[in-house]
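**Student:** any chance you could fold what I've pasted below:
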Amino acid sequence: MTTITRLSELTGIYVLDTVHTRIGFVGRHTMATKVRGRFEEFEGSAFLDGGDPSRSSIQLTIQARSLQTGNVQRDEHLRAKFLDLDNHATIAFTSSRVDQVDETRFTITGDLAIRGVTKPVTVDFELTSAENGPAGELRVGFEGGVTIDRKDWHVNWNAATAVLIGQKVALEFEVTAIRRS
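**Tutor:** Residues are numbered from 1 along each chain as shown. Predicted structure coming up:
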């Protein structure tokens, strides 16, 4: 495998490698215990412009039904009551701006849609790898995250959960994308 050393070599259209990508979250339950989870079904694409990262763009769609925390009862409750799965099947992100912070770090600003509410967020990302895979395809890796206030997207069930469950949710991304062209 060949490692890519210049950012300009990364320009192209990419799709998420869903087998090697993790989209997770961490929230607090009863303000003391952390609950970690992930989404199993998603798809995404990106145009990366290594010469001018500000021209890059990203789209991500997550199937809300794929939420997993390791507890079936909690998962069903989160899908039905918090994410309102019957009325909002997907969570989506569409970038509006990409800024290069330094050689490997970027901020990606865009619209995050959860439960029918769309709000802007800025996600911090770091380029962690760029190399040719076994079949010669270029693969790039990024890690990043952002902390959101779930109430901004009306992710709540009732007054008790507004108090017992922490408002802040950390969204975590470990991404591998494969260049298609």
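**Student:** so where's the protein uncertain?
**Tutor:** Along the chain, the model assigns pLDDT under 70 to residues 1-5, 30-31, 157-164.
**Student:** which residues of this structure fall in strands?
**Tutor:** Shown for the chain, the strands assigned by DSSP state E span residues 12-16, 22-29, 33-39, 42-48, 57-63, 67-68, 90-100, 105-114, 117-132, 138-149, 165-179.
**Student:** may I see the buried residues of the third one?
**Tutor:** In other words, strand 33-39. V35, G37, R38, F39 (16 or more other CB atoms under 10 Å). Yep, even glycine has a C-beta here, placed from its N, CA and C like the rest.
**Student:** using CSV, lay out those residues together with distance to F173.
**Tutor:** As requested, these are exported to CSV (distance: CB to CB, whole Å):
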residue, distance to F173
V35, 18
G37, 14
R38, 11
F39, 11
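**Student:** for L78, state which of the residues you listed is nearest.
**Tutor:** G37 (7.7 Å; CB to CB).
**Student:** that closest one is in contact with G24, isn't it?
**Tutor:** Yes - contact criterion CB atoms under 8 Å: G37 and G24 qualify, at 6.4 Å.
**Student:** and stretch 131-149, which residues are buried?
**Tutor:** Residues of stretch 131-149 classed as buried: L138, R139, V140, G141, F142, G144, V146, I148 (neighbour count, 16+ other CB under 10 Å).
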